[in-house]
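> Let's see this in three dimensions:
(one chain, ligands or ions: 2)
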Amino acid sequence: MTTTPRAQGATVWLTGLPSAGKTTIARILAGRLRSEGHRVEVLDGDEVRRFLSAGLGFSRADRNTNVQRIGLVAEVLARNGVLTVVPVIAPYADSREAVRKRHDVSGTPYFEVHVATPVEVCSRRDVKGLYARQAAGQLKGLTGVDDPYEAPVDPALALQTQHQTPQESADLVHAMLAARGLV
Ligand SMILES: Nc1ncnc2c1ncn2[C@@H]1O[C@H](COP(=O)(O)OS(=O)(=O)O)[C@@H](OP(=O)(O)O)[C@H]1O
Ligand SMILES: Nc1ncnc2c1ncn2[C@@H]1O[C@H](COP(=O)(O)OP(=O)(O)O)[C@@H](O)[C@H]1O
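Ligands and ions are numbered 1, 2, ... in the order given. Next up is the predicted model:
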């Protein structure tokens, strides 16, 4: 019996503030990768929080639990040949490092992409109205405003989305994967 070699998977973690552009870039990138014939999954933060992480809030401990759960699923998918795109804030460096280590153990490629949109731009975009609610005193602990965001020190890529179209940002992530021989 012959077996076909498994495609090379990888995890691309898009970290950044609310409204930075993580979800938008993930969708465009995933669409392009699928059209090129790759197996692709997007682990969307909001969807994960409705199911896999139902009941978790936004304390440091809960955010870490959320990120570790997503990291586990991403690594399993990526190890099995899926290009796994993760648009999740993941505000703490030690949480992200633990996810990287999990990938290192199995030799699975892991890339941190910083969607590095400045907070002023994010709060103007305010896709879900969170910045307005925080400013009105209706929400506490908003990442990047009154809760920490530890920016990646050495990301595979940093995107200044305020100077790019969504398509340009997604294409830069694609080019990063291409340069590493993954697509
Ligand atoms: N306090 C507070 N801080 C940050 N984000 C908040 C908060 N409350 C609700 N939300 C919404 O939840 C989404 C973030 O979920 P994540 O799972 O990506 O966050 S984390 O990695 O566990 O920190 C996030 O989604 P995105 O806007 O797509 O980033 C927000 O819409
Ligand atoms: N270069 C860009 N990349 C991604 N999103 C962008 C870009 N330029 C403008 N935007 C807009 O910013 C918003 C980002 O929202 P979203 O992707 O939901 O952010 P997040 O998932 O980080 O909370 C969208 O309305 C999107 O159209």
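> So which bits of the protein are right by ligand 2?
By Cβ under 6 Å from any ligand atom, the residues of the chain that approach ligand 2 are 16, 18-25, 87, 125, 127, 161, 164-166, 169. Where C-beta positions appear, they are placed from N, C-alpha and C, glycine not excepted.
> Which of the residues you listed are buried, as a PyMOL select command?
Those of the residues of the chain next to ligand 2 that count as buried under 16 or more other Cβ atoms under 10 Å are selected in PyMOL with:
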select buried, resi 16+18+19+20+21+22+23+24+25+87+125+161+164+169
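> Go through the residues of the chain next to ligand 2 and flag which are in helices.
Using DSSP state H, the subset of the residues of the chain next to ligand 2 located in helices is 22-25, 125, 166, 169.
> could you redo those as JSON lines and give each row pLDDT and distance to ligand 1?
Compiled in JSON lines, these are given as follows (pLDDT from 0 to 100; distance: Cβ to the nearest ligand atom, whole Å):
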{"residue": "22", "pLDDT": "98", "distance to ligand 1": "6"}
{"residue": "23", "pLDDT": "97", "distance to ligand 1": "5"}
{"residue": "24", "pLDDT": "98", "distance to ligand 1": "9"}
{"residue": "25", "pLDDT": "98", "distance to ligand 1": "11"}
{"residue": "125", "pLDDT": "98", "distance to ligand 1": "10"}
{"residue": "166", "pLDDT": "99", "distance to ligand 1": "14"}
{"residue": "169", "pLDDT": "99", "distance to ligand 1": "15"}
